[in-house]
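Colleague: I'll drop the sequence and a predicted model, then ask my questions.
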Amino acid sequence: MDAITLLKNDHKSVEKLFKDYEKTGDRALKTRRDLVDRMIEELSKHAAIEEQLFYPVTRETVSDIDDTVLESIEEHHIVKWLLSELQNTDVSDERFNAKVTVLIENVRHHVTEEEDEYFPKVRDGLGRKALGELGDAMAETRETASPHPHPRAPSTAPENQAAGVIAMVDRVGDTVSGVAQGGVAAVQDLVDRIRGLTPRRSGPTGSSTARRSADKVRDTAGTAVDEAVASVRAARDRGEDVVEEAKGAADDVAKTARRGARRTEAATTGSKSSGSSKRKAG
């Protein structure tokens, strides 16, 4: 599919959600929550395919577009923080509707600028064949893109290549929320350290079991993070392809996190089954 057509279809889908939300009343709490959850998923995936493919490809191949791309990335940054807050804000909170209103205003502004200014330059610069190939890659990437916003993850190459694996970790251990939290935190540790930042050891949320699971998964991946950061820095020092090294490093961390997640989930599930059997026996 043509890359621009794909993105415009996304814009139409999100705009329909916006209009449906604007028709709701103050008492339609469940409907509002459902619509916002769908906005979060749609916009998170949309941002992922733009940042991982559309923006870097067009920036390298279309002239006089750097400022437009950088502005788009900053607009994404603002939107992802709003999505993250809405994901964790109760629909009955007095600020919930205000946050949604600001989100809608920001996204509509972003869409207008992309469709009126950015996309025409890209269509002229790339041509039909290249746009078709790029669109196919974006459609494939969307299948594994994270349905959750990750505002702390970098939005530009080379570090955002590593951020793509967050999607894989998001889906690990859905029955134990702490497992997913721990996996995401491990990849965020890698992202922060590749960027030269001190990883922010924010605590997991949920039950005590979920928090223990998250910490265990994150700590299990700690050695892999250390090794991954070292390999990326060594590649950078040697003048080698940091993007490819970051991809490999991220894959290693994600695999380690997944293995730890599976062990943690299996142990937790086994513990619950054992407890249940004992209760039945008693």
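Modeller: Yep, it's here.
Colleague: what about the nearest residue to D66 once chain neighbours are set aside, which SS state?
Modeller: Counting by Cβ to Cβ, 6 or more residues apart in numbering, D66 lies nearest to R59, which is 6.3 Å off, once chain neighbours are set aside. For glycine as for every other residue, the C-beta is placed from the backbone atoms N, C-alpha and C. Under the three-state scheme (DSSP: H, G, I helix; E, B strand; the rest coil), R59 adopts helix.
Colleague: contacts only, for R59.
Modeller: R59 makes contacts with I65, D66, V69, as judged by Cβ atoms under 8 Å, 6 or more residues apart in numbering.
Colleague: of those, which belong to strands?
Modeller: Assigned to strands by DSSP state E, none of these qualify.
Colleague: ok, then the element right after the helix or strand harbouring D124?
Modeller: Taking DSSP states H and E as the criterion, D124 maps to helix 119-126. As assigned by DSSP H and E, the chain's next helix or strand after helix 119-126 is helix 128-144.
Colleague: and the average pLDDT for that next one is what?
Modeller: Helix 128-144 shows a mean pLDDT of 86.
Colleague: ok, back up a step: so which bits of the helix holding D124 are buried?
Modeller: The neighbour-count check on helix 119-126 (16 or more other Cβ atoms under 10 Å) flags F119, V122, L126 as buried.
Colleague: tabulate those residues (JSON lines), appending distance to D2.
Modeller: Below are those laid out as JSON lines (distance: Cβ to Cβ, whole Å):
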{"residue": "F119", "distance to D2": "11"}
{"residue": "V122", "distance to D2": "11"}
{"residue": "L126", "distance to D2": "10"}
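Colleague: returning to that earlier point: filter the contacts of R59 down to the buried ones, PyMOL style.
Modeller: Command for PyMOL that selects the buried part of the contacts of R59, burial taken from 16+ other Cβ under 10 Å:
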select buried, resi 65+69
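Colleague: nearest to R238 among the contacts of R59?
Modeller: Checking those against R238 with Cβ to Cβ, the nearest one is D66 at 27.5 Å.
Colleague: can I get the helix or strand harbouring P56 in PDB, CA atoms only?
Modeller: Assigned by DSSP H and E, P56 belongs to helix 55-61. Taking Å, rounded to 0.1, in the frame of the first residue of the first chain, the C-alpha atoms of helix 55-61 are listed here in PDB:
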ATOM      1  CA  TYR A  55      10.300   9.900   9.200                       C
ATOM      2  CA  PRO A  56      13.800   8.500   8.800                       C
ATOM      3  CA  VAL A  57      13.300   7.300   5.200                       C
ATOM      4  CA  THR A  58      11.800  10.600   4.000                       C
ATOM      5  CA  ARG A  59      14.400  12.700   5.900                       C
ATOM      6  CA  GLU A  60      17.200  10.900   4.100                       C
ATOM      7  CA  THR A  61      15.600  10.900   0.600                       C
END
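Colleague: pull out the buried residues from the helix or strand hosting V79.
Modeller: Using DSSP H and E, V79 maps to helix 66-87. Residues of helix 66-87 classed as buried: T68, V69, S72, I73, E75, H76, V79, K80, L82, L83, S84, L86 (neighbour count, 16+ other Cβ under 10 Å).
Colleague: next, format the residues you listed as CSV and append pLDDT and distance to A145.
Modeller: CSV is the format used below for these (pLDDT from 0 to 100; distance: Cβ to Cβ, whole Å):
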residue, pLDDT, distance to A145
T68, 92, 22
V69, 92, 19
S72, 93, 17
I73, 91, 16
E75, 93, 18
H76, 93, 13
V79, 94, 15
K80, 93, 13
L82, 94, 18
L83, 95, 14
S84, 92, 16
L86, 95, 18
